[in-house]
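Q: A predicted structure for the sequence below; I have some questions about it.
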Amino acid sequence: MRYLHGVMFAVAGVLSSPLAMAGEADFDINCGAGPAACQAAFKGVIEDASASLSHKALGPAEATGVTGFGVGAFVNYSPVSNDSDWQTLTNSNVDAVGIAGIAAHKGLPFGFDVGAFYAAIPGTGAKAYGAELRYAILEGGVASPALALRGSYTATSGIDDFDYDAWGADISVSKGFTFLTPYAGIGFLSAKGDPKSAAAAAAGLSKVTVDSERFFVGMRITLAILEITPEYERQGDNNSYNLRLGFSF
């Protein structure tokens, strides 16, 4: 298992290399624009960050069953919508926020699946991690689609100036056709940024909560146990592009 995780992180590193060439996320607060302007910019930064950091579906709605297990490397790339807010808050130019890491899921009885992810934010010392619980209302079959409810939670470590966490809920549908399984879903995400450093206090920041609607669509491509899953998500005003490469057993 340690070897498999090493392979997954190596794949994620290769896939995430374009992120290192973009204007990377900078979470170090350096704001002298005054409390009102800094607070507004902080909210815009949390909006952009949540589009990337939130726990992605990265798979169809169908239940995997008690013996089901999957693991994969994934990357996310989310262009920012509030670039001027990043400039105001951090005094840096940021084009996008992205993460790269590994995700795993395990099937449980009665149509439930549990999953988790752990990822790095390129160009920073920050990490993101989270968990999800999914319930298949309809488990799907040869002639019928699958329908699932999902709840997720995300948090970060390694960000010095503020704490970040988010929870989300969504409903998704999928239907397999030979080796292709398209899926789509809609949901809601609530993200929170909580300042904690001297720099944040000097900027006059207070806690912000950003609530966003989300929509996602993707395609699971299965070749034996190998899976390739591209996914697009729209969260609030942000576009998010995701890719997972993994295995299922």
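A: Nice, I can see it. Numbering: from 1, shown residues only.
Q: Give the buried residues for the helix ranked longest in the chain.
A: In terms of residue count, the longest helix belonging to the chain (DSSP state H) is helix 35-53. Burial within helix 35-53, assessed by neighbour count using 16 or more other C-beta atoms under 10 Å, is assigned to 37-53. C-beta here means a position set from N, CA and C on the backbone, and glycine is covered the same way.
Q: Ok, stretch 182-192 next?
A: Under the neighbour-count rule (16+ other C-beta under 10 Å), stretch 182-192 has Tyr183, Ala184, Gly185, Gly187, Leu189, Ala191, Lys192 buried.
Q: Please look at the fourth one and Ile171 and confirm they touch.
A: To tie it back to what came earlier, the one meant is Gly187. Yes: taking C-beta atoms under 8 Å as the contact criterion, Gly187 and Ile171 are neighbours in contact, 6.6 Å apart.
Q: Might you report the residue contacts of Glu62?
A: With contact set as C-beta atoms under 8 Å, 6 or more residues apart in numbering, Glu62 has these partners: Ala136, Glu139, Gly140, Ala146, Ala148, Ser174, Gly176, Thr181.
Q: and after the strand or helix carrying the first one, which helix or strand comes next?
A: Pointing back at Ala136 there. Element membership of Ala136 [criterion: DSSP states H and E] is strand 127-139. Next in sequence after strand 127-139, counting helices and strands by DSSP H and E, comes strand 146-157.
Q: what's the next secondary structure element after that following strand?
A: Later in the chain than strand 146-157, the nearest helix or strand by DSSP H and E is strand 162-174.
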